[in-house]
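Colleague: Okay, sequence plus prediction incoming.
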Amino acid sequence: MGWVILTVLVAVIATLPQQAEARRVPAEQMRDAAPGRFAKLSQGVTHYQWLGPVRGPVLVAVHGLTTPSPVFYAIARGLARLGYRVLVYDLYGRGYSDAPEGPQDREFFMRQLRDLLAHQELEDDLTLLGYSMGGAIATAFAAAHPGRMKRLILLAPAGMRLREDRLTEFCRVTPFIGDWVHAVIAQRRERRMLHRQLGQNFDVKGIIELQLSEYSGRGFLRSVLSSRRHMLDEVQEDEHRLLGREGVPVVGIWGEKDQVIPLSSLGMLTQWNRSVRQEVVQGAGHQMPYTHSDEVVGVLADILREVS
């Protein structure tokens, strides 16, 4: 009898992630209150918004691993004052977009971006702004399509050095057991860290609540772990060297106190692409799109005026 109880207990513990996932909400049930619009693309439905004036030069912004597209709201407000239209969208598995199955590697994310650009009839002369993992996605796209690019702007981009603690590394490199630990233990730690930030005054109102709400969405945790194992596992030296040879203007904007993408990445990017322009936001950590948005917009204003 004891073996039966033990077997049942082990089975219950082993299936905790599946039980929790079944209780989470599919993306389509969360969309009634969503701002913006939806595009049915080749891999699923993508949520997107246009921010800023109806007419004006276009900038396409790609967000990071766990922050949905509103992470750019404050930056977009500043760019709107400069006359820019900003297209933001939720990566698959985040925000209000679908969470399709499959490895979240470069082709997975590049296909979503290509599909959305085609859906919005945006072809050439592109300005891409990529934040964190979005920087790696934007870099991969620019290297694959240098002739379509006007400028690539990287805000604390992945694809170089990435700091991760032991628990995160264990989840990333360990099949099966790592999946369980990520779904049961690591996600609780991440949610506690977010809860501690509730009530703080950020440039984007409600950004912490939006991040917390993603944990109740079906497919979010799977998407985050898959992205860590694929897109975030890339070192993009070849891509940056190609962009340098092709003459695509690249700007890197770094947070002085970033504990996720360390400032030492600045030197690495310079080694790969001697023509890159580098800027450092003093006092900023990895959350700078919603803690130091005015400073980021100030840097972007100088850059975009030069482009114009």
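Modeller: Perfect, I can see it now.

Colleague: quick one: the helices in this protein?
Modeller: 2-14, 16-23, 73-81, 106-119, 133-144, 166-173, 177-181, 187-195, 207-214, 220-229, 237-246, 265-272, 288-291, 293-307 (DSSP state H).

Colleague: list the helices and strands the shortest one packs on?
Modeller: Contact here means 3 or more Cβ pairs under 8 Å, 6 or more residues apart in numbering; DSSP states H and E; on that basis helix 288-291 packs against helix 73-81, helix 293-307. Where C-beta positions appear, they are placed from N, C-alpha and C, glycine not excepted.

Colleague: Return the distance of it from the chain's centre.
Modeller: In terms of Cα atoms, centre = their mean, to the nearest Å, the centre of helix 288-291 is set 14 Å apart from its chain centre.

Colleague: cool, the fourth one as well?
Modeller: If you compare the mean C-alpha spot of helix 106-119 with that of the full chain, they lie 14 Å apart, counting by Cα atoms, centre = their mean.

Colleague: In terms of secondary structure, what does it contact?
Modeller: Other elements packing on helix 106-119 under the criterion 3+ Cβ pairs under 8 Å, 6+ apart are strand 37-40, strand 45-51, strand 58-62, helix 133-144.

Colleague: Now render those as JSON lines, adding mean pLDDT, mean neighbour count and distance to R77.
Modeller: Converted to JSON lines, those look like this (pLDDT from 0 to 100; neighbours: other Cβ atoms under 10 Å; distance: least, Cβ to Cβ, whole Å):
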{"stretch": "strand 37-40", "mean pLDDT": "98", "mean neighbour count": "14", "distance to R77": "19"}
{"stretch": "strand 45-51", "mean pLDDT": "98", "mean neighbour count": "20", "distance to R77": "8"}
{"stretch": "strand 58-62", "mean pLDDT": "97", "mean neighbour count": "23", "distance to R77": "13"}
{"stretch": "helix 133-144", "mean pLDDT": "98", "mean neighbour count": "25", "distance to R77": "19"}
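
Colleague: For those, give me JSON lines that also has distance to I261.
Modeller: Converted to JSON lines, the helices and strands packed on helix 106-119 look like this (distance: least, Cβ to Cβ, whole Å):
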{"stretch": "strand 37-40", "distance to I261": "29"}
{"stretch": "strand 45-51", "distance to I261": "25"}
{"stretch": "strand 58-62", "distance to I261": "15"}
{"stretch": "helix 133-144", "distance to I261": "8"}
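
Colleague: which one of these lies closest to S216?
Modeller: strand 45-51 (16.1 Å; Cβ to Cβ).

Colleague: quick one: contacts of the closest one?
Modeller: For strand 45-51, contacts defined as Cβ atoms under 8 Å, 6 or more residues apart in numbering pick out 27-28, 31, 34-39, 69, 72-73, 76-77, 80, 85-90, 92, 95-98, 112, 115-116, 120.

Colleague: Whichever of those residues end up buried, select them in ChimeraX.
Modeller: A single ChimeraX command selects the buried members of the contacts of strand 45-51 (16 or more other Cβ atoms under 10 Å):
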select :27,36,38,39,69,72,73,76,77,80,85,86,87,88,89,90,92,95,96,97,98,112,115,116
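
Colleague: All set now, cheers.
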